[in-house]
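**Q** model the structure of this input:
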Amino acid sequence: MPRMKATMVAIAAIALSVVAAQAGTFFRIEVGPPVAAGFEKVKEMKKPDGKLVFVVRPRLCDNVANVMMTGSAEGLINGERRSVRLTLIPIDSGEGVYGVLKQWKNGGHWVVQLNGTCSNPKASASTLVPMNDGTFIREKIEVLGEPATKKQVDAALAAIARSQS
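**A** Residues are numbered from 1 along each chain as shown. Down below sits the predicted model:
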């Protein structure tokens, strides 16, 4: 069993490094499966009701513990636009790692928008995470070196709606 845990952690680390390689060398917000935060940290985490969908962490900020992070789920249900403010659950405050629980309704099409602000270097970034119900779609994640615009969020939501229809 320990060997399997080590293998899962290694796979998660590789997945995060692929996203990092694609993202470049700017302040950014990375997303990974819950295992990327470490089994023990996730197991010890006190989480409210809800499924831990993924974890998020800031990168390339001198003090990741001070990064301000917010999130929202942007959705389309029966053609009607919805927005749900997300509560990010602290997993490792020293590393700036947070968990994202599924806090949006079932059905429809959803994109999670994560926003972060780093004080040194002074920068803001966003990551757009398309969802398939309670699972994030890794290959469609958009890591942005600036705050996402409404147009970018709408485009990501339209793309996921097209691909799921």
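**Q** for this structure, which segments count as helices?
**A** 2-23, 39-44, 150-164 (DSSP state H).
**Q** could I get the average pLDDT for the second one?
**A** What it means is helix 39-44. Averaged over helix 39-44, pLDDT sits at 60.
**Q** give the full set of residues in contact with S93.
**A** S93 is in contact with A65, counting by CB atoms under 8 Å, 6 or more residues apart in numbering. C-beta: built from backbone N, CA, C; applies to glycine.
**Q** from L101, how far off is it?
**A** According to CB to CB, to the nearest Å, S93 stands 17 Å off from L101.
**Q** worst average pLDDT in the helices of the chain?
**A** helix 2-23 has the lowest average pLDDT among those, namely a mean of 50.
**Q** does N78 touch A161 like I think?
**A** No. Taking contacts as CB atoms under 8 Å, N78 lies outside contact range of A161: 11.4 Å.
**Q** higher neighbour count, these two?
**A** Between N78 and A161, A161 has the larger neighbour count (other CB atoms under 10 Å), namely 17 against 7.
**Q** give the contact list for the more buried one.
**A** A161 touches 76, 109, counting by CB under 8 Å, 6+ apart.
**Q** which parts of the chain are strands?
**A** 28-32, 52-59, 68-77, 80-86, 88-92, 97-101, 109-119, 122-132, 135-136, 142-144 (DSSP state E).
**Q** alpha carbons of stretch 103-118, in PDB - could you do that?
**A** Provided in PDB are the C-alpha atoms of stretch 103-118 (Å, rounded to 0.1, in the frame of the first residue of the first chain):
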ATOM      1  CA  GLN A 103     -20.300  23.700  -4.100                       C
ATOM      2  CA  TRP A 104     -22.300  24.200  -7.400                       C
ATOM      3  CA  LYS A 105     -25.400  22.400  -8.500                       C
ATOM      4  CA  ASN A 106     -25.500  19.200 -10.500                       C
ATOM      5  CA  GLY A 107     -26.200  19.500 -14.200                       C
ATOM      6  CA  GLY A 108     -25.400  22.200 -16.600                       C
ATOM      7  CA  HIS A 109     -21.900  23.300 -17.700                       C
ATOM      8  CA  TRP A 110     -19.400  24.700 -15.200                       C
ATOM      9  CA  VAL A 111     -16.000  26.400 -15.100                       C
ATOM     10  CA  VAL A 112     -14.300  27.200 -11.800                       C
ATOM     11  CA  GLN A 113     -12.500  30.600 -11.900                       C
ATOM     12  CA  LEU A 114      -9.600  30.900  -9.400                       C
ATOM     13  CA  ASN A 115      -8.000  34.300  -8.800                       C
ATOM     14  CA  GLY A 116      -4.900  35.000  -6.800                       C
ATOM     15  CA  THR A 117      -2.800  38.100  -5.800                       C
ATOM     16  CA  CYS A 118       0.800  37.900  -4.900                       C
END
